[in-house]
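Undergrad: just a sequence and a predicted model for now, questions to come.
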Amino acid sequence: MNIKLSHNSILLLMLLLAIVVVVFSLSQGSVALTVSEVALALQSEGTYLAQTLIWELRVPRVMAAFATGALLSLAGALMQILLRNPLADPYVLGISGGASVMVLGAILLGLSGVLLSGAAFIGAVISTLLVFGLSQRTGQTTPIRLLLTGVVIAAGWGACITLMLAVAPPQKIPGMLFWLMGDLSYAHTPWLAWVTLLAAMGVIMPFAKSLNVLSRGPLQAAALGVNVTLVERLVFVLASLMTAVAVTTAGSVGFVGLVVPHMMRLILGNDQRVILPAAALAGGCLVTFADTIARTVIAPEQLPVGVMTALLGVPTFLFLLRKGRM
Amino acid sequence: MFKATSAFIFTVLFFYVSSVWGSCVIDDREREVCSNAPVTRIAALSPGATELAFAAGAGSKVVTVVSFSDYPPAAQEIESVGSPSRLDLERLLALKPDLILAWGTGNPSEQISTLLRLGMRVFYVEPHSFSSIAQDIRDIAQLAGTEASGDVAASAFLKGISDLKTQYSQKPKIRTFYQVWDEPLMTMNGQHYINQVVELCGGINVFSKSPRLIPRLNKEAVLIENPEVIVAGGMGERNAHWLEGWRAFPELMATKQDNLFFVPPSLLQRPTPRLLEGAKILCEKLDLARSRRG
């Protein structure tokens, strides 16, 4: 009872932090708006310019940033449990590579807008199916097989990306590079990301206890009555789907999925019932805050968000690691 | 009877209003761009668009530019909205432009479509020939209500080009390699407007048949073509070491006859009226190379 209460209060605190970060992010930009102006604009009052800035630019971008961070962070936490490898991140199985190859192909064909997002999603799904299909032998998938298949397929995608960049017409290269770096200035439809995030949370949370057991090893989990195959497949499908949607929304934003779950474990211990929602909130906060810095720190020049997530996350993580119990 | 009268009045009224002001032009993506009053606040989202707007006599109406907009010098004083490939949309909207000169292959298409969705007037500037440079100047001038100065600039540019054509294009052909970049080695094919400049000066681009607009080459390809002239562009205003590299091949015709030339890239690699200046320099260099023939 005592532990549960403290878990809830931790999550409540993090939710408050998330709200603070989102409000901060909405109030920051190259055009200075006060909090009251932001509040007025959110109620569709105030000047036309403020309303346009808030509703057309900042709200979609902040929403996309938060959802992307939460999706990647949650997917990373799940991958680390599934593969029983602390180095696993959402991209380790080649999902972002598959998405990138399809998007770069679409850019080369001259497609844009929604078609690019569609291509990214199809690429991510193809890569997922490829990894899952190839790693199976006689109906069994061991984590090490899955990991190796994923890493090799990721390397294959990497080679395709290099090839496409080499033969691309120079005027298309900037767009391609930004996509590879991960950039929220292109994000305009956060809804898919939010729906996926909430649905995934709803599906995975009832299994959090099973995941606790699973992270100690499949034999122990099976002995304790967990349907290991079912849970592993569920985790794989969910993590892949979340990564696909995150990549579709903002390109390959690196680092978040690897480090945020570890940060949460260093602070909160390894209980998935609290780690999973905490990682989602913390990932959302990190990417939202990083993107706010990225679009304001040397404005009018805009930085890709991936640069800032790493610059903010690396020192924080190293600090926690030195202080922590890992 | 009443119907006919009112239709007549409407027609007269319509023609009266549209003759007061109101104009439509076609941009470089074949889109119609209209305005019913001269635009007063122009956002130029590429260095080339800035130059064209100034050439059109609308320089004083340019309220924002992007990084690297260094010409004319007055453009350097104008507030920037960041790199052309990653625009600060907030700042752009806050400046309330009523005409956006977009760069289709340089600006992110998502950002331009956001601007279109917000109802902004967008004119794509991507000239690919001498005549489309002149046409862009005229179109921008028409939207800005500065037709007179735009017409002067466009005509002067076309006249200069046609003079060069008369003077040089019938001279003995000279096989030329234009080096866009050093590492990787790059040039342009026959589709590119720089190819038109080379031909204007009586040169033959040795890679005009290459399938890609900007082919990437190795040195062997250049040695096989054995051009009589090598012209270097590049990013900065001096790239002497690019040309020095070719001295390692004394059998190369261009090296043998000392036909290794530099033309400031800002004069050739931006499709703006300054291309005339670059073309003049290139034509003189090619003529110098002809005089060195034994």
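TA: Here it is on my side, so go on.

Undergrad: which residue ranges make up the domains of chain B?
TA: B:19-156, B:169-291 (automatic domain parsing).

Undergrad: residues from the stretch 101-250 of chain B in reach of chain A?
TA: Applying Cβ under 8 Å from any Cβ of the partner chain, we find that the stretch 101-250 of chain B lies next to chain A at B:105-106, B:108-111, B:113-114, B:117-118, B:186, B:212-214, B:216. Placement of C-beta: from N, CA and C, glycine included.

Undergrad: buried members of these into PyMOL, please.
TA: Applying 16 or more other Cβ atoms under 10 Å in any protein chain shown to these, the buried members can be selected in PyMOL as follows:
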select buried, chain B and resi 106+108+109+110+111+114+186+212+214+216
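
Undergrad: pick the most deeply packed of the domains of chain B.
TA: Burial of these is given as mean neighbour count (mean count of other Cβ atoms under 10 Å in any protein chain shown); domain B:19-156 ranks first at a mean of 20.

Undergrad: lowest-confidence helix or strand of the chain?
TA: Since you didn't name a chain, this refers to chain A. helix A:173-181 (a mean of 79; mean pLDDT, DSSP states H and E).

Undergrad: wait, chain B was what I had in mind.
TA: Quick look at chain B via mean pLDDT, DSSP H and E: least confident is helix B:2-20, a mean of 57.

Undergrad: from the contact counts, what lies against whatever helix or strand comes next after it?
TA: Downstream of helix B:2-20, the next assigned helix or strand under DSSP states H and E is strand B:23-26. Here strand B:23-26 touches strand B:32-35, helix B:130-144, going by 3 or more Cβ pairs under 8 Å, 6 or more residues apart in numbering or on different chains; DSSP states H and E.

Undergrad: convert strand B:23-26 to CSV, retaining C-alpha atoms only.
TA: Listed next in CSV are the C-alpha coordinates belonging to strand B:23-26 (Å, rounded to 0.1, in the frame of the first residue of the first chain):
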residue,chain,number,x,y,z
SER,B,23,-3.0,41.7,-61.6
CYS,B,24,-2.2,38.1,-62.0
VAL,B,25,1.0,36.5,-62.9
ILE,B,26,2.2,32.9,-63.4
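
Undergrad: run the chain-centre distance for it.
TA: 20 Å (Cα atoms, centre = their mean, to the nearest Å).

Undergrad: next one: stretch B:186-198
TA: That offset, for stretch B:186-198, works out to 13 Å (Cα atoms, centre = their mean).

Undergrad: distance between the ends of that stretch?
TA: Stretch B:186-198 has its terminal residues 16 Å apart, counting by Cα to Cα, to the nearest Å.

Undergrad: now stretch B:256-270
TA: 31 Å.

Undergrad: tell me if that stretch is near chain A.
TA: No. With Cβ under 8 Å from any Cβ as the criterion, chain A is not reached by stretch B:256-270; the gap is at least 11.5 Å.

Undergrad: now do the SS call for residue 85.
TA: I'll assume chain A. coil (DSSP: H, G, I helix; E, B strand; the rest coil).

Undergrad: right idea, wrong chain: chain B
TA: Residue B:85 is classified as coil under three-state DSSP.

Undergrad: quick check: it vs residue A:179, distance?
TA: 12 Å (Cβ to Cβ, to the nearest Å).

Undergrad: same check, this time on residue B:294
TA: For residue B:294, the distance to residue A:179 - Cβ to Cβ - is 54 Å.

Undergrad: neighbour-wise, which of these two wins?
TA: Legend: neighbour count by other Cβ atoms under 10 Å in any protein chain shown for residue B:294 and residue A:179, higher for residue A:179 (23 against 3).

Undergrad: which residue sits closest to residue B:277, ignoring its sequence neighbours?
TA: residue B:267 (5.1 Å; Cβ to Cβ, 6 or more residues apart in numbering or on different chains).

Undergrad: need the contact list for that neighbour.
TA: B:274-275, B:277-278, B:281 (Cβ atoms under 8 Å, 6 or more residues apart in numbering or on different chains).

Undergrad: dump these into TSV; add pLDDT as well.
TA: TSV is the format used below for the contacts of residue B:267 (pLDDT from 0 to 100):
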residue	pLDDT
B:274	95
B:275	95
B:277	95
B:278	94
B:281	94
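
Undergrad: of the residues you listed, which is the nearest to chain A?
TA: residue B:275 (18.0 Å; Cβ to the nearest Cβ).

Undergrad: these two touch, right, that closest one and residue B:134?
TA: No. Using Cβ atoms under 8 Å, residue B:275 is not in contact with residue B:134, being 10.7 Å away.

Undergrad: CA atoms of the least confident helix or strand of chain A as CSV?
TA: This file holds the C-alpha atoms of helix A:173-181, laid out as CSV (Å, rounded to 0.1, in the frame of the first residue of the first chain):
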residue,chain,number,x,y,z
ILE,A,173,19.7,16.3,-50.2
PRO,A,174,18.8,18.9,-47.6
GLY,A,175,15.2,17.6,-47.2
MET,A,176,16.6,14.0,-47.0
LEU,A,177,19.1,14.9,-44.3
PHE,A,178,16.6,16.7,-42.2
TRP,A,179,14.4,13.7,-42.3
LEU,A,180,17.3,11.5,-41.2
MET,A,181,18.2,13.8,-38.3
